[in-house]
Each structure stands twice: as structure tokens, then as C-alpha cells.
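**Student:** After the sequence you'll find the predicted model.
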Amino acid sequence: MKENGLLRELKTLGRNGIYIEYEGQRYLNLSSNDYLGISGMSGLQEEFFQTLDMSNYLMGAMSSRLLTGNDVHIEGFEEYLSELYGNECLVYNSGYHANIGILPALVEKDDLVVADKLVHASLIDGIKLCASEFKRYKHNDYNDLERILSHNAGRYKSIFIVTESIFSMDGDTADLKRIVELKEKYGSKLYVDEAHAFGVVGESGLGCAHNNCLTNRIDYLVCTLGKAAASEGAFLICNKLTKQWLVNKSRTLIFTTAAPPLNVLWSKFIVSKIVEMKKEREHLAEITRLLRNKLEGQPVMGNTHIVPIVTGSNEACINLSEKMRNNGVWAMPVRYPTVPLGQARIRLSLVAAMNRKHIDNIYESIFDF
């Protein structure tokens, strides 16, 4: 791995808002998923702690939700999310738990899973745990998706389409309207991962599906709380029967200790703040346009606040990362197997707490101005 430029290591980092500290140096952090800058909002944290009743037992859930770990806090959080989305909600301990626990509980051996070529590793792992066959369609190629659906319609009990709404490594978006049309045309089911859209997209930050009025036409909608929400966990929006089934069949829900009440309370508190963060979302969109305009003509992918610069080789990617770090910007190299071989890249994740000067600094760190 070292010889091929693929060896990774854990680094001990300090964090301070949009900056991180490493070995006594401070860097602008372009490798986080803290898209709204919430992790650096000390005022929000102070406000949250003032809401707590410390006479309650808030630290440990003690057991799984089906034993004694299900309390009024997690039930209240699910009810709140259900009201926001207009359907049932089931909370998981992480996005990874959701993506490896939902599909295997739903998909049977006489079903077929059809996934976008670039879905996240957690979804791939979940699909591999399914008893069914698995096919991939070319990334965001809906003619290819329809070809697979039309060829296989009637040959399987059910077909499950799997996609992300914003793709984490390419920074581009799925055409959810088109996918929903195909799903309905061929009588399929649709699973959408909104990990990088929740908090960022839409008037209330509830993601691409909600922003396009598609929530009730998507069977399984997963949103992650560990990115823009600066918390942990994930939740699934689905119908009542699906929720009941997963409570009985989803192994990553059944066989793990529930999240501590303190974490659940923080998640509910911060989601209630996120729906009001319109200015932060507008500012994030503004600095995204600014950086993408500056990088016009460069090998930049996507159309979102995730701005990947493709270098190709691992060596070139590592060299660019080190160059940016020398100029005060922390942007980690992304290499195989996270992305395909020969498509290594620097993935710039913008944060609403950044300003125009920060965007200038990013640009200058790349080109040594």
C-alpha cells in the first residue's frame, strides 16, 4: 500500500471552527462535512446545555432499543422528524448502520437491487449483505437505468433502485424526479441516501427529495446527522409498515445499544435550528459559486458545495494536498478504493462559516499566487 501511495494513517488534530491544528500549525479545513459550520457555533452548544434537565439520566442508553434503550427522547425525536417530513421515521445510530441494515432486512433472494455505479461504500456493503442479485447502472445515466429496469421487469419479485441525492466524491446530484418517474413506470422501489444534502438543500434544509416535493414518492429516504447536523446517527423516512418491519428485522437496529439520550437531545435541538438556517444555506451557495467560477477551466467535478479537483494519479494528488497544506489549507487526498483507480482527487468541502477571503485563500493555495 505504501509503495502505491495508498497507505493511510490517523492524525491527531485539534479543531477550532473552520480551522484545524496539526503539529502546532493552523489550517483552513477543507476536508470536513460540517457544511453549515455548526460544530464551531459555541453559542448553540451553550444554549443546548441550558435546555438540559440534569436530574434525568442522559448519558447511557444501557441497551438496545428493543430491550430497555428506547426512551421518550428518541421517540420524541422520531415524532418531530415525522412531522417535518410527513411520514414515519426510524432513527439509527449512524448512516453506516442505516445503509448496511435497511436493505438486507427488506430485500429477498428473488428480488433485484440496481444501484448507481458511484453509491457510497456503506451502501455497497449493505447491498452485499442482501440475498438478492445486484446490478449497477452507469453514474447518473438514466437511459442505462431504464435499460436494466425494462429488461428485468417481471423477472423479479421486486426491484430496488439505490442512489445518493448528492454524491459525496463527485459533488454532483442525481435527477430524483427522473428516477422517481422510472421507479413508478416499472413498479420498482426507491432508496435515496441524502447524507450530503440534509441541512444544505432546500428552504428548510430537509434535502433534495423534500425540496422537489418527492418525499412521499420515495420508499426509503435516509438522512445522516453526522455531517451538516454536527451530531451522530441517521434516520429513515418511510411508511408505517416498513418501520414496523425494520424494528423486527433490521439487525443494525436490533443488535446494537441505542444512542445515549444526551446525543438524541442534541440531534433534535440542532435539527430544530437547521430548519431556520436559510441565511447559512444561501451563503454556502454563494461561496460555492464563487469558488467554482474561480476554478473554471480546471478539472473540477460536480455542481454542489463539494468541489472535487481531479489529479488522476495518487502521486499528483498527494503532492497537491501537501502544496495546499504548505499554504495553510488542509485538503486531504482521496484515492482508490474511495474513488476509481486513476481518478484520485482533492475533495474541497465548503462550509457556510467561510467567507470570500477564505475562497481567495483556497484558490491561491492551489496555484501558488
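**Tutor:** It's in.
**Student:** Hmm, residue 264 is touching residue 92, no?
**Tutor:** No: contact status for residue 264 versus residue 92: not in contact, 11.7 Å apart, counting by CB atoms under 8 Å. For glycine as for every other residue, the C-beta is placed from the backbone atoms N, C-alpha and C.
**Student:** Give the intersection of the neighbour lists for those two.
**Tutor:** Each of residue 233 lies in contact with both residue 264 and residue 92 under the rule CB atoms under 8 Å, 6 or more residues apart in numbering.
**Student:** tell me the pLDDT at residue 331?
**Tutor:** Note on residue 331: pLDDT of 94.
**Student:** Repeat that for residue 361.
**Tutor:** For residue 361, the model assigns a pLDDT of 95.
**Student:** number of nearby residues for it?
**Tutor:** Using other CB atoms under 10 Å, residue 361 has 16 other residues around it.
**Student:** contacting residues around it?
**Tutor:** Listed by CB under 8 Å, 6+ apart, the contact set of residue 361 reads 28, 327-329.
**Student:** Check the secondary structure at it for me.
**Tutor:** Here residue 361 is helix, with the state taken from DSSP: H, G, I helix; E, B strand; the rest coil.
**Student:** picking up where we left off before, next step: the contacts of residue 361 restricted to helices.
**Tutor:** Among these, DSSP state H puts none in helices.
**Student:** PyMOL command for the buried members of those residues?
**Tutor:** Burial among the contacts of residue 361 is assessed by 16 or more other CB atoms under 10 Å; the matching PyMOL selection reads:
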select buried, resi 28+327+329
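**Student:** and residue 175, what does it touch?
**Tutor:** 140, 142.
**Student:** now it: how far from residue 193?
**Tutor:** Going from residue 175 to residue 193 by CB to CB, to the nearest Å gives 15 Å.
**Student:** Other residues contacting the longest helix seen in the chain?
**Tutor:** With secondary structure taken from DSSP H, the chain has its longest helix at helix 278-294. Contact with helix 278-294 is made by 35-37, 200-203, 205, 300, 303-305, 307, 348, 350-352, 354-356, 358-359, 362-363, as judged by CB under 8 Å, 6+ apart.
**Student:** and the residues you listed, which of them are in helices?
**Tutor:** 356, 358-359, 362-363.
**Student:** how about those residues in CSV, adding neighbour count and distance to residue 165?
**Tutor:** What follows is the ones in helices among the contacts of helix 278-294, written out as CSV (neighbours: other CB atoms under 10 Å; distance: CB to CB, whole Å):
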residue, neighbour count, distance to residue 165
356, 11, 28
358, 19, 26
359, 20, 25
362, 25, 25
363, 16, 28
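**Student:** Looking at these, which is nearest residue 4?
**Tutor:** For those, the minimum distance to residue 4 (CB to CB) is 28.3 Å, reached by residue 362.
**Student:** wait, the closest one sits on residue 30?
**Tutor:** Yes: taking contacts as CB under 8 Å, residue 362 lies within contact range of residue 30: 6.7 Å.
**Student:** between these two, what contacts are shared?
**Tutor:** Contacts common to residue 362 and residue 30, judged by CB under 8 Å, 6+ apart, are 329, 348.
**Student:** Report the rounded mean pLDDT for stretch 136-144.
**Tutor:** 98.
**Student:** And the contacts of that stretch?
**Tutor:** By CB under 8 Å, 6+ apart, stretch 136-144 touches 114-118, 145, 147-148, 167, 170, 172, 174-175, 178-179, 182.
**Student:** Okay, buried residues for it please.
**Tutor:** Buried, per 16+ other CB under 10 Å, within stretch 136-144: 136-137, 140, 142, 144.
**Student:** Stretch 202-218 too?
**Tutor:** For stretch 202-218, by 16+ other CB under 10 Å, it's 202, 204-212, 214-215, 217-218.
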